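Enquirer: how would this look folded up:
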Amino acid sequence: MSEPAETPGRKAISVIIVTRDRADVLPRCLESIAGQQPAPDEVVIVRGNEQSFPDQLREQFKQLPIRVVQCVEPNISLARNIGIDHASGEVVVFIDDDAIARPNWIGAFVDAFETNTHAWIAGGTVLDARQASMPPEFLCGLVHPSGRQIEVVAGDGAPAPRGYIPSVKGCSFALRLDRLPSEFRFDPFFRFAFDETDLVLTIHEAGGGVEHVPESVVEHLHAPGAYRADGPMDRDWLTEFASHTRFMRKHTHGAGRLMGWCVVCRRFLAHSCRAVCSLIRGQISPKRTIQCVLDAFQGIRRGASCPDSD
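Expert: Next up is the predicted model:
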């Protein structure tokens with residue numbers, strides 16, 4: 001396997017892909033990585049099992065400097081930490097296995113980090129590939145410590161609403177490991193949802209910069225996974241609401257905590273109404289409706305009872 005030649009003065013680049021049971025869509029992601037300039041110095045595949053990255057895929061993409069490691073537990077934060085532990089690059093770029101990187105995806109991140117020496121983390125533009133027109137799914141996104149997120153914001157230079165900070169989308173973002181303190185890693189509590197957002201807030205609270213890189217673009221296919229599927233309300237709501245509640249408690253204090261609880265409760269009510277509407281439309285069964293509401297409630301309890309949330 002040939003190693004890509006590193007440009008003098010350029011930081012070493014590692015691409016990390018967490019994949020589980022998506023061997024059908026992963027090749028499209030890898031094809032897009034193979035066409036990047038600059039080429040990554042390594043591609044770390046964190047697979048959930050052997051079937052997630054079979055030997056024939058390794059052979060198909062033998063031109064890529066692939067390193068395979070394993071994370072048996074379906075936990076995106078734990079898997080990303082394992083990827084970081086095995087990565088040798090100073091710039092680490094993450095992409096989901098159901099995303100396709102457009103040309104200059106890596107190059108735009110590298111350029112942004114060179115321009116903004118204050119940035120520890122950077123996020124790109126995400127397009128929704130489920131629609132032929134590919135509308136923006138994430139553009140100049142913002143997040144509030146309460147957990148409220150605004151994912152599509154025009155980058156017109158207008159100031160962010162009070163309390164919001166720039167955020168990133170988990171299917172496409174990059175870290176400068178040589179700037180990030182070694183103890184800054186993904187919190188394994190966030191098995192799904194709020195995983196990269198928690199790291200963004202942690203970085204912001206420590207004084208690190210969060211950069212949006214509009215030129216770094218991926219197309220997101222939204223393949224079904226361990227925590228979500230294509231059907232109405234077909235999502236792991238217990239994990240979703242546990243993550244939101246934990247995130248809010250971790251990043252709010254004083255009067256902000258009260259606002260955070262209002263955001264969580266309002267979201268729970270909206271979720272319950274959406275479940276009932278899906279029942280009325282005949283999209284889900286009465287049993288599933290009750291389960292959606294109970295799971296969300298249990299998720300809030302789990303996120304609130306975590307002893308180290310404060």
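
Enquirer: Packing partners of the helix or strand harbouring Asp111?
Expert: Taking DSSP states H and E as the criterion, Asp111 maps to helix 105-115. Here helix 105-115 touches strand 13-19, strand 91-95, strand 119-128, strand 172-176, strand 209-220, going by 3 or more Cβ pairs under 8 Å, 6 or more residues apart in numbering; DSSP states H and E. For glycine as for every other residue, the C-beta is placed from the backbone atoms N, C-alpha and C.

Enquirer: got these as TSV, with mean neighbour count columns?
Expert: Converted to TSV, the helices and strands packed on helix 105-115 look like this (neighbours: other Cβ atoms under 10 Å):
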stretch	mean neighbour count
strand 13-19	26
strand 91-95	26
strand 119-128	24
strand 172-176	28
strand 209-220	21
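
Enquirer: Make TSV out of those strands and add distance to Ile280 and mean pLDDT.
Expert: As requested, these are arranged in TSV below (distance: least, Cβ to Cβ, whole Å; pLDDT from 0 to 100):
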stretch	distance to Ile280	mean pLDDT
strand 13-19	37	97
strand 91-95	39	97
strand 119-128	27	96
strand 172-176	37	97
strand 209-220	30	95
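
Enquirer: could you pull out the helices for the stretch 151-300 of the chain?
Expert: 195-205, 237-251, 255-280, 286-305 (DSSP state H, counting those that start in this stretch).

Enquirer: tell me the most buried of the ones you listed?
Expert: helix 237-251 (a mean of 25; mean count of other Cβ atoms under 10 Å).

Enquirer: what does that one contact?
Expert: Contact partners of helix 237-251, identified using Cβ atoms under 8 Å, 6 or more residues apart in numbering, comprise 145-147, 187, 189-195, 197-198, 201, 205, 227, 257, 260-261, 263-264, 267-268, 271, 292, 295-300, 302-304, 306, 309-310.

Enquirer: neighbouring contacts of stretch 193-201?
Expert: By Cβ under 8 Å, 6+ apart, stretch 193-201 touches 76-77, 80, 94, 121, 143, 145, 147, 149, 165-170, 173, 184-187, 190, 210, 227, 239-240, 243-244, 246-247, 250-251.

Enquirer: oh sorry, the question was meant for stretch 287-298
Expert: By Cβ under 8 Å, 6+ apart, stretch 287-298 touches 233, 236-238, 240-242, 268, 271-272, 275-276, 278-279, 284.

Enquirer: Let me know the closest of those to Ala223.
Expert: Asp236 (15.5 Å; Cβ to Cβ).

Enquirer: For that closest one, give me the pLDDT.
Expert: pLDDT, Asp236: 93.

Enquirer: Can you report how many residues lie near it?
Expert: 20 (other Cβ atoms under 10 Å).

Enquirer: How much space separates it from Ala23?
Expert: Distance from Asp236 to Ala23, counting by Cβ to Cβ, to the nearest Å: 22 Å.

Enquirer: again with Met233
Expert: Met233 is 27 Å from Ala23, by Cβ to Cβ.

Enquirer: Give me the more crowded residue out of those two.
Expert: Met233 (19 against 16).

Enquirer: I figured Glu137 hits Ser172, correct?
Expert: No. Glu137 is beyond contact range of Ser172, at 10.1 Å (criterion: Cβ atoms under 8 Å).

Enquirer: between those two, what contacts are shared?
Expert: By Cβ under 8 Å, 6+ apart, the residues touching both Glu137 and Ser172 are Val126.

Enquirer: Val72: how many residues sit nearby?
Expert: With other Cβ under 10 Å as criterion, Val72 counts 11.

Enquirer: Compute the distance between it and Ser133, please.
Expert: 39 Å.

Enquirer: Ala275 now?
Expert: 29 Å.

Enquirer: and if you look at Arg302?
Expert: Distance from Arg302 to Ser133, by Cβ to Cβ: 39 Å.

Enquirer: Could you do Asn116 as well?
Expert: 31 Å.

Enquirer: So those two - more neighbours on which side?
Expert: Asn116 (15 against 6).

Enquirer: Now do Ala160, the pLDDT please.
Expert: In this model, Ala160 carries a pLDDT of 75.
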